[in-house]
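Enquirer: Just a sequence and a predicted model for now, questions to come.
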Amino acid sequence: MIRGLKVGVKVRDKRPPAPCEDGRQYFPAPRWQLRVVRGGSEGGAAVVRWTPIAKSPRGHGAPLPNLVDYDAARAGFSWDSARDALDGLPDGGINIAHEAVDRHAVGAASGKVALRCLRRNSGVRDITYGELAELTSRFAQALDHLGVGVGDRVFVLLPRVPELYVAALGTLKHRSVLSPLFSAFGPEPIRQRLEIGEGRVLVTTAGLFRRRVASQRDALRKLEHVLIIDEPAPEGTILFPDLLAAMPGTYEIGSTNPEMMALLHFTSGTTGTPKGAIHVHDAVVQHHVTGSLALDLHADDVFWCTADPGWVTGTSYGIISPLTHGVTSIIDESEFEIDRWYATLADQRVSVWYTAPTALRMLMAAGAEPARAHDLSALRFIASVGEPLNPEVVNWTNETLGIPAHDNWWQTETGGIMIANFAAMTIRPGSMGKPMPGVEAVILQRNDEEKIVLGPDGAAVEVPDGTDGMLALRPGWPSMFRGYLGEPERYEACFTAGWYISGDLARRDQEGYFWFVGRGDDVIKSAGHLIGPFEVESVLMEHPSVVEAGVIGIPDAVAGEVVKAYVVLHRDVSPTDDLRLELIGFARKRLGAAIAPRDVAFAEHLPHTQSGKIVRRVLKQRALGLPEGDTSTLEAAT
């Protein structure tokens, strides 16, 4: 027996396979709930791991995963072959809107539902591929009519309503540049992005225009046209429905070079001026491949990506990827609400669900009873992105929903999924999985100044497996950003010795799984230890009283920094000093005294970006009694 190895109680998973209308489905194999804690001494660092969740096929009839043999898929993969899976344009170019819409709008596929739009009031509007082709053509014609040119920026500031998807895809069809904005943004983030992006067109609602844009429109000198989707349209704006009704319903897509700018995605701006990441039409190749391999999309799937298109996930996987596969996408206008979400999964027979860790943690906090009230038997695959997925949540989805959530990793700059837990692959809870076929990922060594270490030959030095370092990617995948708009120096700073430097610290284990440690600027340096907040947060979430945790480093005269944790408790748990001490002791037993929090504070909620990431910068400013700065891009507390 390995010294310091402690093994938890084995509990046989007795769940029967969930019923499935079409028979055979991939289910998690029976698993042992087993926690393993390694630690050499009381003061030493400990590493917590959960038992891997294996997969095994059961039943009859459901499709096998698109990726069954990971090693074979990597060995046989090429981006040229991936492009061959799409139609392309007659002149050899490629256009996102053609691949997502127009190529399906012929023959029998024309009548298939592309978007099922769920209204706040429970109304439903179905838009077929044929109808979507016509509507997006009308919008492309409208841009022509307004004198908007190829490469001009079209900004969309809308909730998840049909007009958002029509404007987005119509812009891409026209070969203008789409820049989606999150509808909860305040006036300042909107102004910044419109100004940096030199927005020429804005599509929005009358209410959003009056509250967020009207007072600063005169300062936005590049903004020529504001299209309003609802009445009454304010003075100086154009009514969107009337404009489209006057346009022809056909449009011939012009020559589209794969390297033509298509998307302008802004980073959240929580640590400085927003950066406009440029993506090109060739990115659709990545969107299509990752939809197949990382999300396991099949033609008959009903797909629900809960991310707002104001963020890169909501565009790449809420709009483009599922449509390239010809599936039906669920579009819900409402925000998160537990019963509504479960009802949507059940009533719409969602089979593939892509959501955020924050949402899954909120569902977990509500317990299993709300889930048991709904028939979720159609659901065969759950994926998650936005921030690392805690192991506790992975196991909760496995136990409560009958299938585990599959974490994956990527960034605004990568444009598409880079590392994933695949449908047929054993899940190691807490790991973000393995690199996509066609993606080369490594862990690079950093020096004391947090710079990448270069060898005598000028090559970046990789660290051994099991060692923390900087996650880096070899450039060359289709959805890689091509620059930051107007900031070439900032773009060049993202690359070292032939690698894209992600800014995320991670480790790779001996089986090739990657594990997130933390953002480079979130890592805590305490008495010579480098402590990743995610691992500490995940351990605290194992405690039955804790729903969510956020960990930061605070200054200490001796250690440099010490760990402080903010925790959100279950609704029926009271914050007490005894519980605070219990949580500190709980973490010490699992992590060791050097890594466990020195202090725990209770919070009603944690600050998140609108895309669901914990904003540790704000927690640190609160802990130090400093001004929080601009919080207009943060999620409203619920």
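Expert: Yep, that arrived.

Enquirer: Poorly predicted segments of the chain, please.
Expert: Applying pLDDT under 70 to the chain flags the ranges 1-49, 56-61, 268-272, 527-530, 610-611, 628-638.

Enquirer: Could you break it into its assigned domains?
Expert: By the record's domain assignment, the chain is partitioned as 5-68, 125-281, 440-473+487-521, 523-623 (automatic domain parsing).

Enquirer: Just send these back as TSV, with mean neighbour count and distance to Arg372 too.
Expert: For the C-beta atoms, the positions are set from N, CA and C on the backbone; glycine is no exception. Listed next are the domains of the chain as TSV, based on neighbours: other Cβ atoms under 10 Å; distance: least, Cβ to Cβ, whole Å:
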stretch	mean neighbour count	distance to Arg372
domain 5-68	15	12
domain 125-281	20	28
domain 440-473+487-521	16	31
domain 523-623	19	18
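
Enquirer: now those as a markdown table including distance to Glu335?
Expert: Formatted as a markdown table, those follow (distance: least, Cβ to Cβ, whole Å):
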| stretch | distance to Glu335 |
| --- | --- |
| domain 5-68 | 28 |
| domain 125-281 | 9 |
| domain 440-473+487-521 | 26 |
| domain 523-623 | 11 |
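
Enquirer: so Leu401 sits right up against Ala368, yeah?
Expert: No - using Cβ atoms under 8 Å, Leu401 makes no contact with Ala368, being 9.1 Å away.

Enquirer: ok, Thr358 - how many residues close by?
Expert: Applying other Cβ atoms under 10 Å, we find 22 residues neighbouring Thr358.

Enquirer: contacting residues for it?
Expert: By Cβ atoms under 8 Å, 6 or more residues apart in numbering, the residues touching Thr358 are Gly386, Glu387, Glu548, His608, Gly612.

Enquirer: what about 7 Å?
Expert: By Cβ atoms under 7 Å, 6 or more residues apart in numbering, Thr358 lies in contact with Gly386, His608, Gly612.

Enquirer: Dump those to a markdown table, plus distance to Asp218.
Expert: Listed next are the contacts of Thr358 as a markdown table, based on distance: Cβ to Cβ, whole Å:
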| residue | distance to Asp218 |
| --- | --- |
| Gly386 | 36 |
| His608 | 33 |
| Gly612 | 35 |
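
Enquirer: These in strands, which ones?
Expert: Among the contacts of Thr358, no member falls in strands (DSSP state E).

Enquirer: Tell me the one of those nearest Trp477?
Expert: Distances from Trp477 to the contacts of Thr358, taken as Cβ to Cβ, are shortest for Gly386 (20.3 Å).

Enquirer: Surely Ile554 and Gln621 touch.
Expert: No - assessed by Cβ atoms under 7 Å, Ile554 is found out of contact with Gln621, at 10.9 Å.

Enquirer: residues contacting Thr250?
Expert: For Thr250, the contacting residues are Ser137, by Cβ under 7 Å, 6+ apart.

Enquirer: On the three-state scheme, the nearest residue to Gly199 once chain neighbours are set aside is what?
Expert: Spatial nearest neighbour of Gly199, excluding adjacent residues (Cβ to Cβ, 6 or more residues apart in numbering): Phe155 at 4.3 Å. Assigned with DSSP: H, G, I helix; E, B strand; the rest coil, Phe155 falls in the strand class.

Enquirer: circling back: the more surrounded of Leu401 and Ala368?
Expert: Of the pair Leu401 and Ala368, Leu401 is the one with more neighbours under other Cβ under 10 Å, namely 20 against 13.

Enquirer: ok, Tyr491 to Thr273 distance?
Expert: When Cβ to Cβ, to the nearest Å is the yardstick, Tyr491 and Thr273 sit 14 Å from each other.

Enquirer: ugh, wrong one, I meant Leu505
Expert: 24 Å.

Enquirer: what does Ser78 give?
Expert: For Ser78 relative to Thr273 (Cβ to Cβ), the value is 38 Å.

Enquirer: how many degrees apart are the helix of greatest length in the chain and strand 153-157 in direction?
Expert: Counting residues, the longest helix found in the chain (DSSP state H) is helix 129-145. With axes from the mean of the first three to the mean of the last three Cα atoms, to 10 degrees defining the directions, helix 129-145 sits at 120 degrees from strand 153-157.

Enquirer: And helix 129-145, what does it pack against?
Expert: Secondary-structure packing of helix 129-145 (3 or more Cβ pairs under 7 Å, 6 or more residues apart in numbering; DSSP states H and E): strand 113-118, helix 162-174, helix 240-245.

Enquirer: What strands line up against the first one, and which way round?
Expert: The reference is to strand 113-118. Applying DSSP bridges to the sheet, strand 113-118 is found paired with strand 124-128 (antiparallel), strand 328-332 (parallel).

Enquirer: Next, format these as CSV and append distance to Pro180.
Expert: Shown next, in CSV, are the strands paired with strand 113-118 (distance: least, Cβ to Cβ, whole Å):
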stretch, distance to Pro180
strand 124-128, 18
strand 328-332, 14
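
Enquirer: Nearest to Ile190, out of the ones you listed?
Expert: Closest of those to Ile190 is strand 328-332, at 22.4 Å (criterion: Cβ to Cβ).

Enquirer: Heading C-terminal from that closest one, find the next helix or strand.
Expert: Counting by DSSP states H and E, the element after strand 328-332 in chain order, helix or strand, is helix 338-347.
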